[in-house]
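1. Sequence below, structure please.
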Amino acid sequence: MKKIALLLTIFLWVINLEAQPASDTVYRLSLEEAISYALDHNPQILNSELDVDKAKWQIWQTTAMGLPQVNGNVQYTQYPNLPTQLMPNFIAPVIVQVNTEIFGLQPQAPLPNENEKIPVRFGSEYNAQWGITVSQLIFSGEYIVGLQASRIFKELAEQNLEKTQRDIIASIEQSYVLVLIAKESLRIMQESYENSLSLRDKTQQLVAQGMGEDIQLDQMNYTVYQLENQIKNLERQAGIAMRLLKFQLGLNMEDSLILTTSLDDVLANIKLGDYIDTSFSVNQNIDYKLVLTQEQLAHLNMRREEAKLLPQVSGFFTYSKNAFSDEFNLLSPDQQWFKTVMFGFKVQVPLWGSGAKVASIMQKKVDYMKASNTREMMESQLKLQYQQAYYNFFNAYDRMLNEQKNIELTKTIYENTRLKYLNGAASSLELTQAQNQYLQAQGNYYNALMDMIKAKTDLDKFIQ
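-> Numbering: from 1, shown residues only. Below is the predicted model:
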């Protein structure tokens, strides 16, 4: 009785664990919802958005260089031994002259040599200073061009974000459909596996009754084993496809993801009429915008090097106070502080640099010419790619329709052969061939469907 009670307790505990809800988060996403979720959570997009924020701060950093700069300073200095300097001995001759001419005294020692120098110390042991310095850039060609370049750089970051979003949308759509195809292929393979098991059982009964041959049973067993391996392979592929989609969405691998859009829904949303009369504008293409912006940056880099040849004008203002004492009483209320005020302008004019600046300008000019060539080449290349993507999509769509017809045809052949086999009018080899032909048609159809989706997303990059 104790053993029965223990087993009953363990059984109820296991049932209770199974009844508890899973701890993983469950997401139910349509294709549109998956794309929207990825735009908010995909790590690549998040990094691109951070690059845009960084570019905004770079604009402010560059702008601040042309605004007033205020710096404060406090300094305390102590000289345990004041610096000693040598100076000509002009004091002794003056004293001798005064004593001689006024008092009529005659020196008892020889006069000092004219080249003789005496050591002297100036200053106080304790010194303190505090002050404020204000500087203002008045004119700098390099600053003006740099400010323009920083704004163009922000535009480049925004375009990179747009390109990343576009690529992620295409990747999500392809991965989403890939998961659907993997699951549908697995379902069809399992269905064929169940049919093969049923046929094997009937064949085994016929062989046992002496109405069939062992080779027929062996052929059916081979088919069953082959389908088992294919099912395992498809299960692994479906798992990999699901993990890839989770990664692109920005989900944790432990989270559960349920796809609510079916393959039929995906195909129903593809309207051929939306693609037949499309037109391509190269100026609206994000790849062209990127190379155009890079050309503008190259041009500004060249202008910035040229601006270094212009004068730079700046102004400054300084206010400071200094205190000196031979005792450590600088913080005393009676300590005297001496004020210093200074302001002025500074003009820097580049005169001669041995050709280094000219060489730098020519290098930037070459970079600008290369960027212009790249833009022109990209314009022609994009037009060619659009035409190729246009034809690839319609070719892939026609191929998908043909493969879909092949599925219906091979399915009919398989069903007829299956009935003949059950009636003894077809061999197991013929049945296996018909089944493999049907499964091959399924595989060809899904490959064609995946190629069509990829061709569609490639074309979308040119017309959206």
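
2. hang on, F317 is in a strand, isn't it?
-> Yes. Assigned with DSSP: H, G, I helix; E, B strand; the rest coil, F317 falls within a strand.

3. now it: how far from V134?
-> As judged by CB to CB, to the nearest Å, F317 and V134 stand 5 Å apart. Where C-beta positions appear, they are placed from N, C-alpha and C, glycine not excepted.

4. now swap in W337 and tell me
-> 20 Å.

5. My guess is Y37 contacts L29. True?
-> Yes. Using CB atoms under 8 Å, Y37 is in contact with L29, at 6.3 Å.

6. Name the residue in the two with the higher neighbour count.
-> A direct count of neighbours by other CB atoms under 10 Å for Y37 and L29 places L29 higher, at 21 against 16.

7. How about the contacts made by that one?
-> Taking CB atoms under 8 Å, 6 or more residues apart in numbering, we find L29 in contact with 37, 249, 257-260.

8. Quick one: those residues as CSV, columns for pLDDT too.
-> What follows is the contacts of L29, written out as CSV (pLDDT from 0 to 100):
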residue, pLDDT
Y37, 95
L249, 94
L257, 94
I258, 94
L259, 95
T260, 95
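
9. May I ask which two of those are separated the most?
-> Maximum pairwise distance among the contacts of L29 (CB to CB): 14.0 Å, between L249 and T260.

10. Regarding Q437, what is its secondary structure?
-> Strictly by three-state DSSP, Q437 counts as helix.

11. Excluding chain neighbours, what is closest to it?
-> Once flanking residues are discounted, Q437 sits nearest to T410: 5.0 Å by CB to CB, 6 or more residues apart in numbering.

12. How about E173?
-> Among residues not flanking E173 along the chain, T457 sits closest, at 5.5 Å (CB to CB, 6+ apart).

13. The one you found: how many residues sit nearby?
-> Neighbour number of T457 under other CB under 10 Å is 21.

14. For the protein, just list every one of the strands.
-> Under the criterion DSSP state E, the chain contains strands at 26-29, 69-78, 84-88, 117-121, 126-139, 256-259, 312-325, 338-348.

15. Name the strands paired with the third one and say parallel or antiparallel.
-> With DSSP bridges as the test, strand 84-88 is paired with strand 117-121 (antiparallel).

16. Tell me how far the partner strand lies from the chain's centre.
-> 68 Å (CA atoms, centre = their mean, to the nearest Å).

17. Also stretch 119-135?
-> How far stretch 119-135 lies from its chain's middle: 53 Å, per CA atoms, centre = their mean.

18. Ok, stretch 144-162 next?
-> 16 Å.

19. pLDDT averaged over that stretch, what's the number?
-> Across stretch 144-162, the average pLDDT comes to 92.

20. so what's the nearest residue to A323 once chain neighbours are set aside up against?
-> Excluding the flanking residues, the one nearest A323 by CB to CB, 6+ apart is A128, at 4.5 Å. By CB under 8 Å, 6+ apart, the contact set of A128 is 75-77, 322-323, 330.
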